[in-house]
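Novice: Okay, sequence plus prediction incoming.
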Amino acid sequence: MQRMLHCAAVVLFLLILPAVLFAQKNEQLVEVAKLDSTIIVDLKYATTDNFVGEKLYTEARCFLRASVARRLIRVQQRLREMGMGLKIWDGYRPLSVQKRMWQIVSEPGLVANPYRGGSYHNRGAAVDVTLVDSLGAELEMPTGYDDFSYKARRSYYGASEEALKHREILLQAMTSEGFTPIQSEWWHFNAPNARQYPVLDIPINMLLRNRMAQSE
């Protein structure tokens with residue numbers, strides 16, 4: 001009987017799996033600020049204050065896949081109970097922006113190659129974040145954003161005690177909701193199964209126009 005039940009469960013899983021994968025691939029992008037306005041959005045690539053020194057986004061609006069955004073909102077709720085919060089430096093990034101980054105700085109250690117899968121940012125399944133206090137001021141971290149030195153690595157422990165504590169708080173809050181870190185950038189987190197989402201090249205202003213059209 002147990003063997004029959006196990007086989008039935010496996011068959012059911014195999015029947016459901018294609019539908020789950022299809023739904024994930026077609027999961028819409030949503031604007032984070034519309035779901036939780038307490039999360040601060042400071043997209044560095046919508047300014048010239050970034051490692052390429054060039055404005056790459058037409059709009060300072062952060063989009064993520066719907067389920068990824070919901071995970072991030074739960075992280076924010078955890079942090080607010082601690083008197084802290086999130087600031088987003090980057091979310092969904094159109095592939096055309098990735099190509100421009102690669103054109104300026106074509107170093108695999110710094111920029112994901114857009115012609116070899118690109119970045120999980122291009123899938124709307126990665127986010128760059130830091131911590132802020134209850135008033136919205138950034139808390140001390142080992143480095144600033146897009147610092148590509150060894151100090152940005154998670155294995156670096158030469159920063160101040162406060163910076164290391166804040167880095168650990170951010171790590172624990174994000175991983176508690178399923179996000180996975182990378183070793184080279186303390187601010188970067190990938191959503192679970194990020195690879196399952198397709199790469200997109202929809203400009204952010206087009207996303208805004210489509211959303212406005214849907215609401216009319």
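Specialist: Cool, the structure landed. Numbering: from 1, shown residues only.
Novice: So for the chain, the centremost residue is which one?
Specialist: Geometric centre of the chain, nearest residue: Val127, 1.5 Å, by CA atoms, centre = their mean.
Novice: Show me what the helix or strand harbouring that residue is packed against.
Specialist: Assessed by DSSP states H and E, Val127 sits inside strand 126-133. Applying 3 or more CB pairs under 8 Å, 6 or more residues apart in numbering; DSSP states H and E, we find strand 126-133 packed against helix 66-80, strand 84-90, helix 161-175, strand 188-190. All C-beta spots, glycine's among them, are computed from the backbone N, C-alpha and C.
Novice: most neighbours per residue, which of those?
Specialist: Highest mean neighbour count of the helices and strands packed on strand 126-133: strand 188-190, a mean of 24 (counted as mean count of other CB atoms under 10 Å).
Novice: how about the helices in the chain?
Specialist: 2-25, 32-35, 66-80, 95-104, 161-175, 204-215 (DSSP state H).
Novice: mind checking pLDDT for His6?
Specialist: His6 is assigned 51 on the pLDDT scale.
Novice: helices and strands of this structure: which one bottoms out on pLDDT?
Specialist: Ranked by mean pLDDT, DSSP states H and E, the helix or strand of the chain with the weakest confidence is helix 2-25, at a mean of 45.
Novice: Where does pLDDT dip in this structure?
Specialist: For the chain, the stretches flagged by pLDDT under 70 are 1-25, 211-216.
Novice: Would you format the helices and strands packed on strand 126-133 as CSV with distance to Lys99 included?
Specialist: Converted to CSV, the helices and strands packed on strand 126-133 look like this (distance: least, CB to CB, whole Å):
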stretch, distance to Lys99
helix 66-80, 23
strand 84-90, 16
helix 161-175, 28
strand 188-190, 19
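Novice: how many neighbours does Thr38 have?
Specialist: Using other CB atoms under 10 Å, Thr38 has 13 neighbouring residues.
Novice: Equivalent analysis for Asn122, please.
Specialist: Asn122: 24 neighbours (other CB under 10 Å).
Novice: Give me the contact list for the strand holding Val127.
Specialist: Contacting residues not belonging to strand 126-133 are listed as 40, 64, 68, 72, 79, 83-91, 119-121, 138-139, 141, 145, 166, 169-170, 174, 179, 185, 187-191, 194 [CB atoms under 8 Å, 6 or more residues apart in numbering].
Novice: pretty sure Ala66 is touching Glu27, no?
Specialist: Yes - with contacts counted by CB atoms under 8 Å, Ala66 reaches Glu27, the gap being 5.4 Å.
Novice: what's the overlap in contacts for those two?
Specialist: With CB under 8 Å, 6+ apart, Ala66 and Glu27 have no common neighbours.
Novice: what's the neighbour count on the nearest residue to Ala112 once chain neighbours are set aside?
Specialist: Closest residue to Ala112 apart from its sequence neighbours, by CB to CB, 6 or more residues apart in numbering: Ser119 at 3.9 Å. Residues near Ser119, counting by other CB under 10 Å, number 22.
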